[in-house]
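Student: I'll drop the sequence and a predicted model, then ask my questions.
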Amino acid sequence: MDHSLPSQLPPLDTLRAFEAAARLGSFSAAAEVLNLTHGAISRQVAKLERWLGLKLFLRAARGVKLTPDGDRLYVSTREAFALIGAYSDRWTEPRGTSVVRLSALPSVSSRWLMPRLAKLESGGDAALRILFSVDHRQIDLEEEGIDLALRCGRGEVPGRVSLQLFEEWCFPVASPELAKEIGSGDPKRLLNYPLIHDSSATGWRAWFAEQGLDYRPAAHDRRFEDYSLVLDAAACGLGIALARPPLAQRDLDAGRVVQVDPRIARNSVSYWLDRPPGKLRGAAAELARRLAAEADVTPEALAAFLEAD
């Protein structure tokens with residue numbers, strides 16, 4: 001018999017009985033753990049020995065002892081059961097018509113979506129279950145099974161239906177202590193301090209351009225990939241960041257950061273809700289309506305987004 005094929009594995013019940021007996025050193029103890037009789041364990045082990053053509057145990061007056069072949073099989077069996085157990089403990093995503101898969105940037109997920117999650121799921125006539133796919137990548141929504149995506153960008157993306165949710169009107173913020181040191185005055189004074197930005201310096205360029213200044217990142221400036229880290233760095237007094245409402249609103253309300261200059265500027269990027277072409281599932285369409293309501297999108301713009309092919 002060819003035992004190398006995956007379909008020619010030993011019966012699982014014989015391996016369970018063998019593993020328990022090997023681990024506990026006793027057929028009786030294995031029987032107790034597996035809620036079987038001593039005879040049942042003995043028969044399962046004998047069945048496995050016949051299947052393998054190997055002797056696995058040496059019977060003794062007090063329990064059993066593994067043979068060298070039995071010891072090797074026990075190591076492999078223990079590892080295999082551990083892998084199966086680890087897989088069975090993994091998170092299993094809920095399924096159903098009320099589940100909506102939503103892709104978003106980490107900062108948008110934590111700072112805009114998470115405070116609204118309970119409302120987004122329970123608001124309206126039907127309860128929804130939102131599953132987050134948190135990613136920086138520009139993914140293929142259909143290929144990855146994403147219903148909706150919330151992204152930051154400059155415009156619509158080919159191959160998607162897009163709805164602009166809101167724009168960013170930015171202003172400089174810092175920790176309360178650093179803000180006192182910076183004081184008020186000419187916007188050029190901010191260049192004397194480290195400016196903090198994320199993967200793009202677009203926001204700072206737009207803000208300084210609005211003040212008639214040309215900004216180029218300096219050696220003392222700091223860069224963090226995620227906007228949440230940008231705000232954390234500012235709150236820790238490491239420099240000046242741009243508040244990007246509404247993402248920064250909680251930090252402003254809590255006093256972690258304060259405005260250090262009254263001048264504001266519109267960022268060239270804004271926030272968009274995307275979906276694959278075609279008809280949206282009912283739950284996804286309902287979530288789109290709730291997101292649009294949170295962002296004060298006009299009914300006309302929302303209708304165009306939902307009805308587009």
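Tutor: Alright, I've got the coordinates.

Student: buried set for the helix or strand bottoming out on mean pLDDT in the chain?
Tutor: Across the helices and strands of the chain, mean pLDDT, DSSP states H and E gives its lowest value to helix 68-88, namely a mean of 84. For helix 68-88, burial by neighbour count (16 or more other C-beta atoms under 10 Å) applies to 70, 73-74, 77. Any C-beta I mention is one placed from the backbone N, CA and C, and that applies to glycine too.

Student: in a markdown table: the residues you listed, plus distance to Pro276.
Tutor: Conversion of the buried residues of helix 68-88 to a markdown table gives the following (distance: C-beta to C-beta, whole Å):
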| residue | distance to Pro276 |
| --- | --- |
| Gly70 | 55 |
| Leu73 | 50 |
| Tyr74 | 50 |
| Thr77 | 45 |
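
Student: for Ile146, give its distance to Gly183.
Tutor: 47 Å (C-beta to C-beta, to the nearest Å).

Student: from the buried residues of helix 68-88, which two are the most distant?
Tutor: Using C-beta to C-beta, the two most remote members of the buried residues of helix 68-88 are Gly70 and Thr77, lying 9.9 Å apart.

Student: of the buried residues of helix 68-88, closest to Asp221?
Tutor: Nearest to Asp221 among these, with distances taken as C-beta to C-beta, is Thr77, at 57.3 Å.

Student: contact partners for the residue nearest to that closest one when sequence neighbours are not counted?
Tutor: In space, and not counting its chain neighbours, Thr77 is closest to Glu19: 4.9 Å by C-beta to C-beta, 6 or more residues apart in numbering. The contact partners of Glu19, by C-beta atoms under 8 Å, 6 or more residues apart in numbering, come to 74, 77-78, 81.

Student: helix or strand for Glu19, which one?
Tutor: For Glu19, the enclosing helix or strand under DSSP states H and E is helix 12-24.

Student: what angle do that helix and helix 68-88 make?
Tutor: Relative orientation of helix 12-24 and helix 68-88, computed by axes from the mean of the first three to the mean of the last three C-alpha atoms, to 10 degrees: 110 degrees.

Student: following helix 12-24 in sequence, what is the next regular element?
Tutor: helix 27-33.

Student: got the buried residues for that next one?
Tutor: By 16+ other C-beta under 10 Å, the buried positions in helix 27-33 come out as 27, 29-31.

Student: tabulate those residues in JSON lines, adding columns for distance to Leu247.
Tutor: Formatted as JSON lines, the buried residues of helix 27-33 follow (distance: C-beta to C-beta, whole Å):
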{"residue": "Phe27", "distance to Leu247": "63"}
{"residue": "Ala29", "distance to Leu247": "59"}
{"residue": "Ala30", "distance to Leu247": "58"}
{"residue": "Ala31", "distance to Leu247": "61"}
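
Student: which of these sits closest to Ser109?
Tutor: The shortest approach to Ser109 among the buried residues of helix 27-33 belongs to Ala30, at 48.0 Å (C-beta to C-beta).

Student: against Leu73, how distant is the nearest residue to that closest one once chain neighbours are set aside?
Tutor: Computed as C-beta to C-beta, 6+ apart, the closest residue to Ala30 that is not its neighbour in sequence is Ala20, at 3.7 Å. Ala20 is 13 Å from Leu73, where distance means C-beta to C-beta.

Student: what comes into contact with stretch 238-248?
Tutor: 107-108, 111-112, 166, 168-174, 178, 182, 190, 193-197, 203-204, 207, 220-222, 227, 230-231, 233-234, 251-252, 257, 259-260, 267.

Student: just the buried subset of those residues, please.
Tutor: Among the contacts of stretch 238-248, the ones that count as buried by 16+ other C-beta under 10 Å are 107-108, 111-112, 168, 170-174, 178, 182, 190, 193-197, 203-204, 207, 221-222, 227, 230-231, 233-234, 251-252, 257, 260, 267.

Student: fine by me, we can end here.
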